[in-house]
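Colleague: Below: sequence and its predicted model.
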Amino acid sequence: MKRALIAPFILLLLATGCAVKNAQSEPKEAAQLALIGEAEYDKYFTGETMRFDFQHSGNSDEEHYSYDRMKREGEWAGSRKALINPFGYGEQYFRIVDTEENKIIYQNNYCTLFNEWQTTAEAQTTTRSYPEGVIFPCPKRNFTIEIFARNKVSKVFEKKFSYNARIDDYNIEPYKKKYESVDIHIGGTIANSLDIVLLPDGFTAEEKDKFLDACKAWQDALFGYAPFTGNKSRINIRAVWAPSQESGISVPGKGEWKETLLDCRFYTFGSERYQMTDNLQKVRDVAADAPYESIFILTNSDKYGGGGIYNFYGLGSAGKTGKTGEVYVHEFGHSLMGLGDEYVEKGNTVSALYPAGKEPWEANLTTFVNFNGKWEKMIKEGTPVPTIVNDSLLALPDTEWPVGAYEGGGYLEKGIYRPWPKCMMNQLYNFCPVCCAAIEKYLDYICK
Ligand SMILES: [Zn+2]
């Protein structure tokens, strides 16, 4: 899902994402498959990480997946109990089915840059592919990996790809450590913490200290905001040091090109400040050298920009852009758990991204189709809904702002509502109480 802080105009093109309900819309057959229990990790998994790489291709109307490779990586950094993502966020999910018992033993949700590209004008006239990959705990036995994506109209998940894997397949590549990993902050055990990996792009071999300083600044930014401040003991932050050939980041719109390890660049989809890389596989190749669940890329640039996509990666410029720390935290809100942008674009009244009559899957936006499944219970009696924001309210300390349903969010002026007048997902303010509660809930799951 498009989660660039900075140039949301591309969303207006032919954006597609939204969910029917806040819950996962399961395909019919899923009901017939058993689910792994919380105490069954050791029965089904080895303790390593397995990675499955594929090409995600298509155009504005269709998408396809094709096999690239399978490889083993280091220790599984995720929970050994929370193996089935229950939140229903995202545009895609994948699951691992144990062949012998026909049982779902792992499931996780995510979004992709490809899905955003599908909303651009280019996707209407051409076909292209993006290298993608997912990681999961390494199964002990033969398994099937299945990938689901939301139908463009109904928004219900449909199965798009299936691959039967043999665990003794000699084509499964072994893990070989290539880069140095550095502990930035260790709050708890790998299994019971959120493990974040910070990756460099555009830093040369001589700029290691500059990158590590940026990692420290990233940590300080994250822990400067609730609810992360109070969760230090269940968050680990590690960096992988992997130098690039050239210093700096490509800015194609200005004719500036750099040879960098992860191919990050500005002008993604023609938007100057949307800084991303097309190649998730390159990103995962470097990330693999630290145990990780969540990736954030720090680029060697003083230019304002970044992006963040749910369970894909987040990205921000490491240089002093004026709002460096806030951009880190905002984009991390997207990449960690798919929080929606709560801001409004003046004059924007229609978007296929958030069509009327559909509830967004994001925890912090509602169209009232399923408000009960969102933060309705957090609104105190007597608070009018919709809730009005005016200068006298904004003059109060934010501790006195009521949780409500303020019109405007998801880039739209009308028909969609946010929980608070301002938020980190809106004006780089503090996270609103609804975002805080959603992050806490997500951390409770990840850190089980
Ligand atoms: Zn919020």
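Modeller: Yes, it's here. Note that this is a predicted model, so its numbers are computed, not measured.
Colleague: Can you tell me the closest non-neighbouring residue to the most centrally placed residue in the chain?
Modeller: Among the residues of the chain, the one closest to the centroid is Y310, at 1.6 Å (Cα atoms, centre = their mean). Spatially, and ignoring its direct neighbours in sequence, Y310 is nearest to G338 (3.4 Å; Cβ to Cβ, 6 or more residues apart in numbering). The C-beta positions use only the backbone N, C-alpha and C, and glycine is treated the same way.
Colleague: measure A121 to the ion for me?
Modeller: 31 Å (Cβ to the ion, to the nearest Å).
Colleague: Need phi/psi at that residue.
Modeller: phi -60, psi -30 (degrees, to the nearest 10).
Colleague: Now do it: how many residues are near it, please.
Modeller: 13 (other Cβ atoms under 10 Å).
Colleague: Same check on the one 10 residues further on?
Modeller: The local packing of P131 (other Cβ under 10 Å) involves 18 other residues.
Colleague: is it true that it touches R284?
Modeller: No. With contact defined as Cβ atoms under 8 Å, P131 and R284 do not form a contacting pair (9.4 Å).
Colleague: who touches both of those two?
Modeller: Counting by Cβ atoms under 8 Å, 6 or more residues apart in numbering, the shared contacts of P131 and R284 are D53.
Colleague: Now do L13, the pLDDT please.
Modeller: L13 carries a pLDDT score of 30 in this model.
Colleague: now the closest residue to R166 other than its chain neighbours: how far from the ion?
Modeller: Nearest non-adjacent residue to R166, counting by Cβ to Cβ, 6+ apart: N142, 5.3 Å away. Separation of N142 from the ion (Cβ to the ion): 43 Å.
Colleague: and N142, how many neighbours?
Modeller: For N142, the neighbour count with other Cβ under 10 Å is 15.
Colleague: dump the residue contacts of it.
Modeller: N142 is in contact with D98, T99, E100, N164, A165, R166, I167, counting by Cβ under 8 Å, 6+ apart.
Colleague: mind listing which of these are in strands?
Modeller: D98, N164, A165 (DSSP state E).
Colleague: Now for the first one: which residues touch it?
Modeller: Counting by Cβ under 8 Å, 6+ apart, D98 makes contact with Y44, I104, I105, P139, R141, N142, F143.
Colleague: how far is stretch 78-93 from where the chain is centred?
Modeller: Here stretch 78-93 shows a centroid-to-chain-centroid distance of 12 Å under the convention Cα atoms, centre = their mean, to the nearest Å.
Colleague: How about that stretch, which residues are buried there?
Modeller: By neighbour count on 16 or more other Cβ atoms under 10 Å, the buried set for stretch 78-93 is 78-85, 87-93.
Colleague: Ok, stretch 204-211 next?
Modeller: T204, E207, K208, K210, F211.
Colleague: Okay, and the last one sits in which element?
Modeller: When you say that, I think you mean F211. helix 208-222 (DSSP states H and E).
Colleague: which helices and strands sit right next to that helix?
Modeller: Helix 208-222 sits against strand 180-186, strand 194-201, strand 235-241, strand 294-299, helix 324-337, with contacts defined as 3 or more Cβ pairs under 8 Å, 6 or more residues apart in numbering; DSSP states H and E.
Colleague: which regions of the stretch 1-150 of the chain sit below the pLDDT cut-off?
Modeller: 1-31 (pLDDT under 70).
Colleague: how about the buried residues of stretch 78-93, which pair is most distant?
Modeller: R80 and E91 (26.9 Å; Cβ to Cβ).
Colleague: Dump the helices and strands packed on helix 208-222 to TSV, plus mean pLDDT.
Modeller: Listed next are those as TSV, based on pLDDT from 0 to 100:
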stretch	mean pLDDT
strand 180-186	98
strand 194-201	98
strand 235-241	98
strand 294-299	98
helix 324-337	96
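Colleague: Export these to TSV and append columns for distance to the ion.
Modeller: Putting these into TSV (distance: least, Cβ to the ion, whole Å) gives the following:
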stretch	distance to the ion
strand 180-186	24
strand 194-201	19
strand 235-241	19
strand 294-299	19
helix 324-337	8
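Colleague: what sits against V283?
Modeller: L199, L262, T277, I295, I297, Y313 are the contacts of V283 under Cβ under 8 Å, 6+ apart.
Colleague: Get me the contact residues on the chain for the ion.
Modeller: Applying Cβ under 5 Å from the ion, we find that the chain lies next to the ion at N364, C423, M425, C432, C435.
Colleague: Among those residues, which ones are in helices?
Modeller: Using DSSP state H, the subset of the residues of the chain next to the ion located in helices is M425, C435.
Colleague: Can you tell me which of the residues of the chain next to the ion has the most neighbours?
Modeller: The most crowded member of the residues of the chain next to the ion, judged by other Cβ under 10 Å, is N364 (32 neighbours).
Colleague: And that residue, its phi and psi?
Modeller: phi -110, psi 20.
Colleague: Can you verify my assumption that it contacts C436?
Modeller: No. Taking Cβ under 8 Å as the definition, N364 is not a contact partner of C436, at 10.0 Å.
Colleague: burial measure for the residue of the stretch 201-350 of the chain found nearest the ion, as a count.
Modeller: Relative to the ion, the nearest point of the stretch 201-350 of the chain is E342 (5.3 Å; Cβ to the ion). The number of residues packed near E342 is 30, by other Cβ under 10 Å.
Colleague: ok, now which ones touch K380?
Modeller: Taking Cβ under 8 Å, 6+ apart as the criterion, K380 is in contact with P402, V403.
Colleague: what helix or strand does it sit in?
Modeller: Using DSSP H and E, no helix or strand contains K380.
Colleague: Any idea what I96 is bridged to?
Modeller: Y106, I145 (DSSP bridges).
Colleague: Against I135, how distant is it?
Modeller: To I135, I96 is 11 Å away according to Cβ to Cβ, to the nearest Å.
Colleague: Roughly how far does the spatially closest residue to W420 that is not a sequence neighbour sit from A363?
Modeller: In space, not counting the residues next to it along the chain, W420 is nearest to C432; the distance is 3.4 Å by Cβ to Cβ, 6+ apart. Distance from C432 to A363, counting by Cβ to Cβ: 11 Å.
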